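Participant: mind folding the following:
(one chain, ligands or ions: 1)
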Amino acid sequence: MSIASIVSHPTNTCQGRSTPNCAIRNKTSVSGYTCGMTEKIFWSDPYLSALDTLVTAVDSDTIQLKETIFYAFSGGQESDSGTIGGYPVQTATKVGTDIHYRLAPDHPLRTGDAVHVEIDWPRRYALMRLHFAAELVLELVSREVTAIEKVGAHIAQDKARIDFKTTENISAYFPIVSAKAQAIIEADLPIISAFSDEAAQRRYWEIPDFARVPCGGTHLRSTREVGGIRLKRKNVGKGTERIEIYLAECSPS
Ligand SMILES: [Zn+2]
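Facilitator: Reported below is the predicted structural model:
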């Protein structure tokens, strides 16, 4: 690992810290679109915070899109917040390989309508940073602690948590796990995100020479974007230890 340039070094704020992209993605006319699986732009460009696309299906308050930047809860990462056609998205739900967006029942959208989609970028960026922090911590804990099993994980905007079955006090490993995670973060390593099976919509992230892990979340370009992290232990009982992960600048005292 080498300490590379600090071009992407984050500043100290709990808000989004990278300039999001905004692009017109779809210039297809309404009559020209073909209905199919929603294209997940949040995978090909997880830094895109606004998108113009088309509505491909409407069923009462639930709609589908031709393409989307709006992540739906999966793999422990919470859904994005935002709007479609100016209407707040109330829930985003993964249904097979599609995503259903529920709007207020009085929305006027129809199949074929052109819509502008926007996500709450500071929220998404915090989710991406905490998601990758959790990935690093999970990988390192699995290597440092013998006889430990992950039994749950959740990534929210203010913190991530990972639950483990173990009889040990997990905080004994915090110094080594924190030091190793922070070294990987500071090394500014590129994070590869790609399909392992595109037809089945299976994805992975990889840091060459470190790990390759199946995951359908949205990932950073570089480890350095995670910034400083803090770990907290919570004993949730019944042989389960919880690690809470905070971004350093947002960490509770
Ligand atoms: Zn993941």
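
Participant: leaving out chain neighbours, which residue sits closest to the closest residue to the ion within the stretch 101-250 of the chain?
Facilitator: Proximity of the stretch 101-250 of the chain to the ion (CB to the ion) peaks at residue 215, 3.2 Å away. Yep, even glycine has a C-beta here, placed from its N, CA and C like the rest. Among residues not flanking residue 215 along the chain, residue 205 sits closest, at 5.3 Å (CB to CB, 6 or more residues apart in numbering).

Participant: buried residues, the helix or strand containing the one you found. List them.
Facilitator: Assigned by DSSP states H and E, residue 205 belongs to strand 202-207. The neighbour-count check on strand 202-207 (16 or more other CB atoms under 10 Å) flags 203, 204, 205, 206, 207 as buried.

Participant: ok, and does it reach over to the ion?
Facilitator: No: using CB under 5 Å from the ion, strand 202-207 stays clear of the ion, with a minimum separation of 6.6 Å.

Participant: which strands or helices does that strand pack on?
Facilitator: Judged by 3 or more CB pairs under 8 Å, 6 or more residues apart in numbering; DSSP states H and E, the packing partners of strand 202-207 are strand 192-197, strand 211-214.

Participant: where does this protein dip in pLDDT?
Facilitator: Scanning the chain with the threshold set as pLDDT under 70 gives 1-36, 251-253.

Participant: what does it put close to the ion?
Facilitator: So the chain meets the ion at 215, 217 (CB under 5 Å from the ion).

Participant: mind doing that once more with 8 Å?
Facilitator: Counting by CB under 8 Å from the ion, the positions of the chain adjacent to the ion are 75-77, 131-132, 134-135, 155, 205, 213, 215-217, 219.

Participant: distance from the helix or strand containing residue 161 to the middle of the chain?
Facilitator: Residue 161 belongs to strand 160-165 when assigned by DSSP H and E. A distance of 17 Å separates the centroid of the chain from that of strand 160-165, by CA atoms, centre = their mean, to the nearest Å.

Participant: in that strand, what counts as buried?
Facilitator: For strand 160-165, burial by neighbour count (16+ other CB under 10 Å) applies to 160, 161, 162, 163, 164.

Participant: tell me the two of these that are most distant?
Facilitator: Maximum pairwise distance among these (CB to CB): 13.5 Å, between 160 and 164.

Participant: the stretch 51-200 of the chain: helices as residue ranges?
Facilitator: Secondary structure of the stretch 51-200 of the chain (DSSP state H, counting those that start in this stretch): helices at 121-144, 174-186.

Participant: same list, the ones you listed, but as a markdown table with distance to residue 43 and mean neighbour count please.
Facilitator: A markdown table is the format used below for the helices of the stretch 51-200 of the chain (distance: least, CB to CB, whole Å; neighbours: other CB atoms under 10 Å):
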| stretch | distance to residue 43 | mean neighbour count |
| --- | --- | --- |
| helix 121-144 | 12 | 22 |
| helix 174-186 | 23 | 17 |
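
Participant: in the sheet, who's paired with residue 83?
Facilitator: For residue 83, the beta-bridge partners are residue 88, residue 118 (DSSP bridges).

Participant: what's the closest of the residues of the chain next to the ion to residue 99?
Facilitator: Looking across the residues of the chain next to the ion and measuring by CB to CB, the closest to residue 99 is residue 216, at 11.7 Å.

Participant: ok, the closest residue to the closest one other than its chain neighbours - contacts?
Facilitator: The shortest distance from residue 216 to any non-neighbouring residue, by CB to CB, 6+ apart, is to residue 203 (4.7 Å). Residue 203 makes contact with 43, 193, 194, 195, 196, 214, 215, 216, according to CB atoms under 8 Å, 6 or more residues apart in numbering.

Participant: can you lay out those as TSV showing neighbour count?
Facilitator: Formatted as TSV, these follow (neighbours: other CB atoms under 10 Å):
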residue	neighbour count
43	18
193	18
194	12
195	13
196	12
214	11
215	20
216	20
